[in-house]
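Visitor: One predicted model, sequence on top.
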Amino acid sequence: MLNKITFFALVAISAVSLAACADRSTDRDYGMDNALLDSRSAGIWVDGNGCDHWIIDDGFEGYMSPRLTDDGKPVCRVDAVPYSTIDFERSLLGL
């Protein structure tokens, strides 16, 4: 009996885990306002290695992705101040 319960528990956990991996578009905010992200103003955050990341503050949520060159390499700068932001203004509720 315990083996059946364990089996069904594992099946349920697997189903929920796979549902979380649904193929969703990355250009859309799926939170409160459900809007396209291209209408948002993006800034740049510099990580500890001097590499750039695009950032968008939506008020309740935030988004970040690495800034890449056309051939897929990260954009890194020697003169960048680590853990700083460039052209980024945080606003209330992303407005």
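Guide: Looks like it arrived, so ask away.
Visitor: Flag the shaky bits of the protein, pLDDT-wise.
Guide: Applying pLDDT under 70 to the chain flags the ranges 1-4, 14-39, 59, 88-95.
Visitor: Just the helices from it, written as ranges.
Guide: With DSSP state H as the criterion, the chain has helices at 2-19.
Visitor: Show me what residue 56 bridges to in the sheet.
Guide: Judged by DSSP bridges, the bridge partners of residue 56 are residue 63.
Visitor: and it, how many residues sit next to it?
Guide: Applying other CB atoms under 10 Å, we find 18 residues neighbouring residue 56. Every C-beta, even on glycine, is put in place using the N, C-alpha and C of the backbone.
Visitor: Can you get me a residue count around residue 52?
Guide: 18.
Visitor: excluding its backbone neighbours, what's nearest it?
Guide: residue 67 (3.8 Å; CB to CB, 6 or more residues apart in numbering).
Visitor: Which residue comes closest to residue 74 once chain neighbours are left out?
Guide: Closest residue in space to residue 74, ignoring its immediate chain neighbours: residue 51 at 4.6 Å, by CB to CB, 6+ apart.
Visitor: Surely that neighbour and residue 68 touch.
Guide: No. Residue 51 is beyond contact range of residue 68, at 9.7 Å (criterion: CB atoms under 8 Å).
Visitor: which residues are in contact with both of the two?
Guide: 74, 75 (CB atoms under 8 Å, 6 or more residues apart in numbering).
Visitor: No more questions from me, cheers.
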